[in-house]
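K.L.:
okay, sequence plus prediction incoming.
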Amino acid sequence: MLTGYRRGGFRFASPAGVLAADGVVERIGALGAVPAALDAGALVVGLIPFDPAAACALTVPETVRWGAPLAELPAAARPVRARWVRQEGDPAAYRDGVRSALAALASDEVSKVVLARELALTADGPLDPGAVLGALAARDRDGYVFAAPTGRGDLVGATPELLLSRRGDLVVSNPLAGSRPRSADPALDRATAAELLASAKDRREHAYVVSAIADALSPLCATIDVPAEPELIATEAMWHLSTRVTATSEATALDLALALHPTPAVCGTPADAARELITRTETFDRGFYSGLVGWCDSAGDGEWAVALRCGEIAGDTARLFAGAGIVAGSDPDAELAETSAKFRTFLSALGAEENA
Ligand SMILES: C=C(O[C@H]1C=CC=C(C(=O)O)[C@@H]1O)C(=O)O
């Protein structure tokens with residue numbers, strides 16, 4: 001179901017199952033144009049950008065199929081056989097950006113900001129987004145693996161972060177923030193995880209996200225449960241601090257997700273000052289990276305993941321994105337290393353490595 005992805009389609013694999021949507025009944029280019037009511041059984045699927053005022057890439061698809069979760073299927077690893085001819089990125093500029101963010105933090109302009117960088121890889125021929133999707137799905141059986149058209153190309157990724165799901169009236173939001181790269185040495189890997197869980201700086205970075213989510217959800221929910229302590233979760237490349245917030249609400253999954261987006265896991269605190277600092281510091285347009293990817297149905301059920309660990313594939317180029325939360329006490333070299341580690345899953349699916 002996943003590798004059959006073609007431009008104009010939509011694929012979204014979550015721990016609940018795989019959604020394959022194809023064909024277009026209606027294209028929705030702005031959040032204000034999302035139909036207030038859908039025909040029974042119809043879905044809205046696609047991408048919402050980091051900047052909610054920018055154009056979105058949502059559709060009401062013609063056909064919708066659901067399949068078993070990836071974790072229940074055999075993993076068919078299929079590396080993308082591309083010959084890479086060029087790689088462009090500017091790690092030094094990222095480090096400088098972190099330094100200016102630290103100055104903004106010191107002057108109390110913001111308490112947290114998430115800064116991202118871009119890595120562009122060029123192959124000697126056209127890339128197949130369906131093959132990249134398949135390679136990511138073979139490596140990540142438990143996360144949210146997706147492909148969707150952006151207008152310029154296709155955004156393909158494997159994100160660990162669920163912004164929000166709603167089934168019936170049960171709402172789940174699972175923010176992540178505070179990270180360490182994993183290690184191939186099991187003892188070092190366990191020690192790194194324990195160090196992350198005990199790190200006051202990372203707990204602060206995480207707490208900004210959890211409290212923003214609790215504040216935004218509370219007025220829209222009849223009940224809400226916010227665990228007091230974060231837990232650890234692992235992807236192939238990263239450890240993260242994670243908090244699973246549960247709530248009950250009658251609002252739709254899309255309305256709830258929009259009330260949260262962008263959280264301090266991708267923007268910062270306070271949000272307006274952080275967004276301004278991001279615009280001033282980052283040298284590229286985030287587009288759909290750190291936006292939302294998912295679906296909502298006519299009953300208001302749905303799942304929206306944060307579009308991270310992803311790349312936009314257009315022709316022979318893959319543009320990858322990764323960011324890291326900066327708070328007082330962050331170290332520019334460590335944040336750069338964190339973004340490199342976050343690139344790793346996508347790069348290994350491409351059969352590539354970051355040039356030092
Ligand atoms: C912004 C990204 O990650 C976010 C999600 C999890 C952990 C994060 C962190 O520890 O900085 C980020 O807030 C990214 O992967 O590009």
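P.N.:
Yep, that arrived.
K.L.:
what sits against the closest residue to residue 292 other than its chain neighbours?
P.N.:
Distance criterion CB to CB, 6 or more residues apart in numbering; nearest residue to residue 292, sequence neighbours excluded, is residue 48 at 4.2 Å. Yep, even glycine has a C-beta here, placed from its N, CA and C like the rest. Residues near residue 48 by CB atoms under 8 Å, 6 or more residues apart in numbering: 31, 56, 58, 257-258, 261, 288, 291-293, 304.
K.L.:
over to residue 182?
P.N.:
189, 192, 234-239, 341.
K.L.:
let's see 10 Å
P.N.:
Residues in contact with residue 182, defined by CB atoms under 10 Å, 6 or more residues apart in numbering, are 188-189, 192-193, 234-239, 341, 344.
K.L.:
buried stuff in stretch 128-137?
P.N.:
Neighbour counts over stretch 128-137 (16 or more other CB atoms under 10 Å) mark 128-137 as buried.
K.L.:
from the contacts of residue 48, which ones fall inside helices?
P.N.:
Among those, DSSP state H puts 257-258 in helices.
K.L.:
kindly identify which of the contacts of residue 48 also come near the ligand.
P.N.:
Applying CB under 6 Å from any ligand atom to those, one finds that nothing falls near the ligand.
K.L.:
who wins on neighbours among the contacts of residue 182?
P.N.:
Using other CB atoms under 10 Å as the neighbour criterion, residue 239 leads these with 25 neighbours.
K.L.:
beta partners of the closest residue to the ligand within the stretch 151-300 of the chain?
P.N.:
Distances between the stretch 151-300 of the chain and the ligand by CB to the nearest ligand atom are smallest at residue 179, namely 3.4 Å. Using DSSP bridges, the bridge partners assigned to residue 179 are residue 240.
K.L.:
for it, give me the pLDDT.
P.N.:
What the model reports as pLDDT for residue 179 is 98.
K.L.:
so it sits right up against residue 338, yeah?
P.N.:
Yes - the pair residue 179 / residue 338 is scored as a contact, 5.6 Å apart, by CB atoms under 10 Å.
K.L.:
which of those two has more neighbours?
P.N.:
Neighbours were counted for residue 179 and for residue 338 using other CB under 10 Å; residue 179 has more, 24 against 19.
K.L.:
just the terminal-to-terminal distance for stretch 300-316.
P.N.:
Chord length of stretch 300-316, first to last residue, is 38 Å (CA to CA, to the nearest Å).
K.L.:
so how far is that stretch off the chain centroid?
P.N.:
Centroid separation for stretch 300-316 versus its chain: 7 Å, with CA atoms, centre = their mean, to the nearest Å.
K.L.:
list the buried ones in it?
P.N.:
So for stretch 300-316, counting by 16+ other CB under 10 Å, buried means 300-314, 316.
K.L.:
ok, now stretch 210-220?
P.N.:
Buried residues in stretch 210-220 (16+ other CB under 10 Å): 210, 212-214, 216-217, 220.
K.L.:
can you put the residues you listed in JSON lines and add distance to the ligand?
P.N.:
Shown next, in JSON lines, are the buried residues of stretch 210-220 (distance: CB to the nearest ligand atom, whole Å):
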{"residue": "210", "distance to the ligand": "12"}
{"residue": "212", "distance to the ligand": "12"}
{"residue": "213", "distance to the ligand": "13"}
{"residue": "214", "distance to the ligand": "17"}
{"residue": "216", "distance to the ligand": "16"}
{"residue": "217", "distance to the ligand": "18"}
{"residue": "220", "distance to the ligand": "23"}
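K.L.:
got any ranges where the stretch 1-150 of the chain has weak pLDDT?
P.N.:
Residues of the stretch 1-150 of the chain that meet the criterion pLDDT under 70 lie in 77-78.
K.L.:
I'd like the distance between whatever residue of it ends up closest to the ligand and residue 42.
P.N.:
For the stretch 1-150 of the chain, the residue closest to the ligand is residue 114, as judged by CB to the nearest ligand atom, at 5.2 Å. As judged by CB to CB, to the nearest Å, residue 114 and residue 42 stand 34 Å apart.
K.L.:
more neighbours: those two, which one.
P.N.:
The residue with more neighbours, out of residue 114 and residue 42, is residue 114; 26 against 16, by other CB under 10 Å.
K.L.:
got a list of what that one touches?
P.N.:
50, 101, 177, 205, 209, 262-269, 274, 277-278, 282, 290, 323-326.
K.L.:
okay but residue 202 is in contact with residue 230, surely?
P.N.:
Yes - using CB under 10 Å, residue 202 is in contact with residue 230, at 8.7 Å.
K.L.:
common neighbours of the two, please.
P.N.:
What both residue 202 and residue 230 touch, as defined by CB under 10 Å, 6+ apart, is the set 177-178, 196, 240-241.
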